[in-house]
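Participant: sequence unknown, structure follows:
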């Protein structure tokens, strides 16, 4: 009897153990599935191949969460993974890609270590304020902070600039930055690019022309405003350099237009025709009144205009006027008599267009 009871007890214990083991296996399976579902199942809910989020330098997890919520099927599961992987306390600023089909683990890994560089570009800006606004559209730094750094007198002075020619520091091109770059980072990088651009070869060319790099860029801005045709810019540059060589006034209409805008503070104003009365405006940018190259650029010259001044066409032209029979190009003249004949065709044409200002 004792043996039978012992046998039943042993079987009973085995059944209990088996039940416990099976329950553990089931629990482990359920837990494993929960972990798999939370961590490794796709959790995106958008149609495009890639979505982007921008994390500011304040680095708030709440900010990240708010941007992710409309992109994910289950934001709570993401919260759990972010907490387990210590991301909540280690948010990093930048631009990040969330690809369609990513799981929570992939998303956290992307947000932790894959800040995406962006390409920013700018050209044809007339003022530092315009430039600051353009750049602020592309990186985190706002236009106010950019302006403060661009016009910082001590920085400008230490690096050979002043407020009049500060725009020259920014060589138009496409550059790679991180979206969360600060205004300091942007400005300092532009100084590096400026110094790289003005290499020994270009400085030597400027020296042979008898003008400084700043004067080259100031003149290049005039050339650019005079003609949109890149292939014509070396010829126009040659005209102005010829005038400088013999001591003539540059007499460039774009400088008068700039002087008017600068004096009125209205850089959005459109001026299609320079009048005789405009030539009397008292401004160092009025090249009908003041000799030499203006103290600063009247716009941001692009590289083709700078190269046109450094590599001008060698000719004997001293005058040019728009060629109405070949839009965008100009008629060039060696003498004032020839120029006046060329000029008359332009005056006749512009009068027919009814352009008074």
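Facilitator: Structure received. Here the structure is a predicted model, which means the values were calculated and not measured.
Participant: For the stretch 151-300 of the chain, which segments count as helices?
Facilitator: Here the stretch 151-300 of the chain has its helices, by DSSP state H, counting those that start in this stretch, at 153-158, 183-197, 200-209, 213-226, 233-246, 253-264.
Participant: Just name the most buried of those helices.
Facilitator: Using mean count of other Cβ atoms under 10 Å, the stretch among those with the largest mean neighbour count is helix 213-226, at a mean of 25. C-betas here are computed from N, CA, C, even on glycine.
Participant: Now the helices of the stretch 151-300 of the chain in CSV, please, with extra columns for distance to residue 109 and mean pLDDT.
Facilitator: CSV is the format used below for those (distance: least, Cβ to Cβ, whole Å; pLDDT from 0 to 100):
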stretch, distance to residue 109, mean pLDDT
helix 153-158, 39, 97
helix 183-197, 26, 97
helix 200-209, 45, 98
helix 213-226, 46, 98
helix 233-246, 50, 98
helix 253-264, 51, 95
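Participant: Redo these as CSV? Include distance to residue 339.
Facilitator: Shown next, in CSV, are the helices of the stretch 151-300 of the chain (distance: least, Cβ to Cβ, whole Å):
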stretch, distance to residue 339
helix 153-158, 40
helix 183-197, 35
helix 200-209, 24
helix 213-226, 15
helix 233-246, 11
helix 253-264, 14
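Participant: Can you check which of the ones you listed gets nearest to residue 121?
Facilitator: helix 183-197 (12.7 Å; Cβ to Cβ).
Participant: Give the other helices and strands that the closest one contacts.
Facilitator: In this structure, helix 183-197 makes packing contacts with helix 143-150, strand 173-178, judged by 3 or more Cβ pairs under 8 Å, 6 or more residues apart in numbering; DSSP states H and E.
Participant: Parallel or antiparallel, list what pairs with the shortest one.
Facilitator: According to DSSP bridges, the neighbouring strands of strand 173-178, each with its direction, are strand 117-122 (antiparallel).
Participant: For the strand it pairs with, give the mean pLDDT please.
Facilitator: Strand 117-122 shows a mean pLDDT of 95.
Participant: and that strand with helix 183-197, angle?
Facilitator: Using axes from the mean of the first three to the mean of the last three Cα atoms, to 10 degrees, the inter-axis angle of strand 117-122 relative to helix 183-197 is 70 degrees.
Participant: sorry, back to before: so for residue 165, which of the helices of the stretch 151-300 of the chain sits nearest?
Facilitator: Closest among the helices of the stretch 151-300 of the chain, once you apply Cβ to Cβ, is helix 213-226, at 5.0 Å.
Participant: Give me the helices and strands touching that closest one, please.
Facilitator: For helix 213-226, the packing partners by 3+ Cβ pairs under 8 Å, 6+ apart are helix 200-209, helix 233-246, helix 253-264, helix 303-310.
Participant: Just give the nearest non-adjacent residue to residue 172, would you?
Facilitator: The shortest distance from residue 172 to any non-neighbouring residue, by Cβ to Cβ, 6 or more residues apart in numbering, is to residue 123 (3.7 Å).
Participant: who's in contact with that neighbour?
Facilitator: Neighbouring residues of residue 123 by Cβ atoms under 8 Å, 6 or more residues apart in numbering: 172, 300, 302.
Participant: Reformat the residues you listed into CSV and put neighbour count next to each item.
Facilitator: Listed next are those as CSV, based on neighbours: other Cβ atoms under 10 Å:
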residue, neighbour count
172, 17
300, 25
302, 19
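Participant: low pLDDT regions in this protein?
Facilitator: Within the chain, the stretches with pLDDT under 70 are 1-40, 354-357.
Participant: please redo it, this time with the cut-off set to 50
Facilitator: For the chain, the stretches flagged by pLDDT under 50 are 1-2, 23, 26-36.
Participant: domain parsing for it?
Facilitator: Using automatic domain parsing, the domain ranges for the chain come out as 1-40, 50-113, 126-197, 200-353.
Participant: Is it possible to get JSON lines of the helices and strands packed on helix 213-226 that adds distance to residue 77?
Facilitator: Output for the helices and strands packed on helix 213-226, formatted as JSON lines (distance: least, Cβ to Cβ, whole Å):
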{"stretch": "helix 200-209", "distance to residue 77": "57"}
{"stretch": "helix 233-246", "distance to residue 77": "60"}
{"stretch": "helix 253-264", "distance to residue 77": "57"}
{"stretch": "helix 303-310", "distance to residue 77": "51"}
